[in-house]
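Peer 1: turn this into a structure:
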Amino acid sequence: MSAIFGIIRFDGVEADARGVSRMGATMRHRAPDGIEIATLGPVCFGYGRMRVQREDIFDAQPLSDDRGDVTLVVEGRLDNREALAASLAIDVAALRDMPDSALVLAAYKHWGADFAEHLLGDFAFALWDARARKLVLGRDHMGQRHLLFHRSEHFLAFASEIKALWALEDVPRAMSDDATMRRLLVLRDPNAPDTLFQGIEGLRGGERMTVGLDGSIDRLRYWTPHAAPEHEGKDEAYYIAAYRAVLGEAVACRVRRLERRSALHMSGGFDSSAVAGLAGPVLREQGRTILGIASVMPEDKRGQQPRDARPMVEHCARDMPHLDVHYLTREGIEPFGGLDEALPRLDGPASTVHYVYVEAARIARRHDIRQMMDGHGGDYTLNPRESGAVPRLLMQGDLRGYVREVAALRRRFGAQLLPLLRQHLRQMLDPLIRRAKIRLGRSVRTASMARFLQPGAIDAAVAAHLVTRDEFGLDTGVAIETRGRIARLLDRVSGQVAYAAMDMAAWTEGLVVTRPFHDKRVVELALAIPESLYFKDGRNRYLACRALADIYPPEFQDRPFHNDHRIPDIAAALASAAPDLIARAERLPDELVDRDALIAALDPDRPWGQPKGLALDVLLVADYRRWFERRNSP
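Peer 2: Reported below is the predicted structural model:
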């Protein structure tokens, strides 16, 4: 992870290097190895260097070609260096000492504006073509690296983080009322504004944007999630082999060329454990380990929480000699302690599991690590949690298959027949009920946070056509329509502009975040896998269990369906934090939030459940807004 930032002016004035230097100063956590600035007339580029891959030692950005016609800054990691070198006639000896930035520059010189389609990896770039008089910005396919921008009448500024844009005097420092309301009313919003801030936009994953000196902008999505044709229509044996090969290579690319070892945020689930296991071959060859960081219950409280990751992580540590595990517990930590000090660094509301990500990042930093991986994305790519597979068999008329899977569920997990039949009946009726509700004009969404907002604020948002009442809450879809839900979710994830608080928590500690399950190759395989392989033989994550049978600990083959929680004693954690959370709620202005409803939901005597979780989410958004407006008021 490095930092890229800069400005292009449309008014004939030379770009101001001092302003760009201020942008870089806000991202020093991304630049432990120095910051460089290059002024190119109407354009000024900045690059904050952090060496992560071995070849980064040869990097010298901003980088220009021999004639000075093209200058670029790029941050990220290329995974197809050898293929690019072959296409660009670069020999093996030259490639060995060539940074990724030089390959990106050569790719642009060879393919022109379409060059990003030939890159594979995590990246964001800015490129100034002096002869064409245009700036080209871009992001990798799934948007693992970020690029935000502000456009005014006279200039466009871009940066890896929002706070860098605010270093320029002409960029507004104000939250968007409209964006905030949609964030509070619509969960997993496919039409979410780019950011919560006025005048701050960004590129989507797989997007390229060209900016002319006249202020013209041309935006193009060069890639969107889809099934790769070479993976479609194959048999089970093919998908087992492809799962192992594609995910294995996605993991290997993220550890193979590292200057230092990587960390891995482990949840004890199928996804992060797959990453841990598949890193093994490369790490053993290099004589290295990976630092697994797991949020668990303390040793003396083992077995007190059913969703504690400790047992499964311990199984992984037992069977994966390259895995060096650090157990993170809540002992001595207030879940939301130090939140006010953290907010200036987060560029948005904190996560509901804020302390877990912050403490994990600090542990990695103490071990002199610069990269953090996790298993995020597994649930909606290769390892869907398929709750509707068995009733779908019945709806498709496959009675024999249905009986076989019910028998397997009873054999593996001791499931009782009558409750299973009731559950499957509900899932089969769900599509009919949803269609009837839609015809009657009733909402089919759930988990609404509207209960914690002032009715007047909601009415105003609806009257302004900012949101419709049918959008409130979360559209969970139909359990038996898994493929469609996955495709829609991947479209939303790849199109996200703003970064998550969990990423920001790692960045501020000098860590790059990369996700193997968000690899373009993984996504293109995942969308080709037939639903029949999501769940089979009574096993959720069937394909993972088959493909990684020799990597997962044997206990994974018959483990329950649920994921372990990032905070295993979440109820106790929120009870201990309740006084602080309620005090924060009491400080909120009452034009937006129903403080009484919020405080009632956060009462420590109330059990943990969806209402309390939603109330916490509302509180963190509203509390950030209160802090931000107080900090930036005239």
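Peer 1: residue farthest from the centroid of the protein?
Peer 2: residue 400 (40.0 Å; Cα atoms, centre = their mean).
Peer 1: what does the helix or strand that contains it contact?
Peer 2: Assigned by DSSP states H and E, residue 400 belongs to helix 399-413. Residues outside helix 399-413 that contact it (Cβ atoms under 8 Å, 6 or more residues apart in numbering): 389-391, 393-394, 415-417, 420, 535-539, 558, 560. Just so you know, the C-beta spots here come from the backbone N, C-alpha and C atoms, and that holds for glycine as well.
Peer 1: list the buried residues in that helix.
Peer 2: 401, 402, 404, 405, 406, 408, 409 (16 or more other Cβ atoms under 10 Å).
Peer 1: ok, stretch 481-501 next?
Peer 2: Using 16+ other Cβ under 10 Å as the test for burial, stretch 481-501 gives 482, 485-490, 492-499, 501.
Peer 1: same question for stretch 551-567.
Peer 2: Within stretch 551-567, the residues that count as buried by 16+ other Cβ under 10 Å are 551, 552, 553, 556, 559, 563, 564, 565, 566, 567.
Peer 1: can you pull the pLDDT of the first one?
Peer 2: We have a pLDDT of 97 for residue 551.
Peer 1: try residue 172
Peer 2: Residue 172 carries a pLDDT value of 96.
Peer 1: wait, what's in contact with the nearest residue to residue 34 once chain neighbours are set aside?
Peer 2: Leaving out its chain neighbours, the residue that sits closest to residue 34 by Cβ to Cβ, 6 or more residues apart in numbering is residue 49, at 5.1 Å. By Cβ under 8 Å, 6+ apart, the residues touching residue 49 are 2, 31, 32, 33, 34, 35, 36, 56, 59, 61.
Peer 1: I'd say the last one and residue 101 touch.
Peer 2: It stands for residue 61. Yes. The pair residue 61 and residue 101 qualifies as a contact (Cβ atoms under 8 Å) at a distance of 5.4 Å.
Peer 1: those two: which is more packed in?
Peer 2: Set residue 61 next to residue 101 and count neighbours by other Cβ atoms under 10 Å: residue 101 wins out with 26 against 23.
Peer 1: what's the nearest residue to residue 72 if we skip its chain neighbours?
Peer 2: In space, residue 72 is closest to residue 127, 4.2 Å off (Cβ to Cβ, 6+ apart).
Peer 1: would you check that the one you found makes contact with residue 147?
Peer 2: No. Using Cβ under 8 Å, residue 127 is not in contact with residue 147; the gap is 11.9 Å.
Peer 1: so how many other residues sit close to residue 393?
Peer 2: Residue 393: 22 surrounding residues under other Cβ under 10 Å.
Peer 1: if we can go back for a sec, which neighbours do residue 127 and residue 147 share?
Peer 2: residue 137.
Peer 1: for residue 378, what are its contacts?
Peer 2: 269, 270, 271, 272, 274, 517.
Peer 1: pLDDT wise, what is it at?
Peer 2: Predicted confidence (pLDDT) for residue 378: 96.
Peer 1: also residue 571?
Peer 2: Residue 571 carries a pLDDT value of 90.
Peer 1: and if you look at the one 10 residues further on?
Peer 2: The score at residue 581 is 94. That number is its pLDDT.
Peer 1: from residue 51, how far out is it?
Peer 2: Distance of residue 581 to residue 51, given as Cβ to Cβ, to the nearest Å: 40 Å.
Peer 1: which of the two has more residues huddled nearby?
Peer 2: Using other Cβ under 10 Å as the criterion, residue 581 and residue 51 rank with residue 581 on top: 22 against 18.
Peer 1: leaving aside the residues next to it on the chain, what's closest to that one?
Peer 2: Per Cβ to Cβ, 6+ apart, closest to residue 581 is residue 602, 5.2 Å.
Peer 1: contacting residues for that neighbour?
Peer 2: 574, 578, 581, 582, 585, 612, 615, 616, 619.
Peer 1: swap in 10 Å and give it another go.
Peer 2: 452, 574-575, 577-579, 581-582, 584-585, 611-612, 615-616, 618-619 (Cβ atoms under 10 Å, 6 or more residues apart in numbering).
Peer 1: among those residues, the buried ones, what's the PyMOL command?
Peer 2: In PyMOL, this line selects whichever of the contacts of residue 602 come out buried by 16+ other Cβ under 10 Å:
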select buried, resi 452+574+575+577+578+581+582+584+585+611+612+615+616+618+619
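Peer 1: out of the contacts of residue 602, list just those in helices.
Peer 2: With helices taken from DSSP state H, the overlap with those comprises 574-575, 577-579, 581-582, 584-585, 611-612, 615-616, 618-619.
Peer 1: with only the CA atoms kept, save the host helix or strand of residue 19 in CSV.
Peer 2: In this assignment (DSSP H and E), residue 19 forms part of helix 17-25. Taking Å, rounded to 0.1, in the frame of the first residue of the first chain, the C-alpha atoms of helix 17-25 are listed here in CSV:
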residue,chain,number,x,y,z
ALA,A,17,2.9,21.7,-5.5
ARG,A,18,2.4,23.1,-2.0
GLY,A,19,-1.3,22.0,-2.0
VAL,A,20,-0.3,18.6,-3.3
SER,A,21,2.3,18.3,-0.6
ARG,A,22,-0.3,19.0,2.0
MET,A,23,-2.4,16.2,0.6
GLY,A,24,0.6,13.8,1.0
ALA,A,25,1.1,14.9,4.6
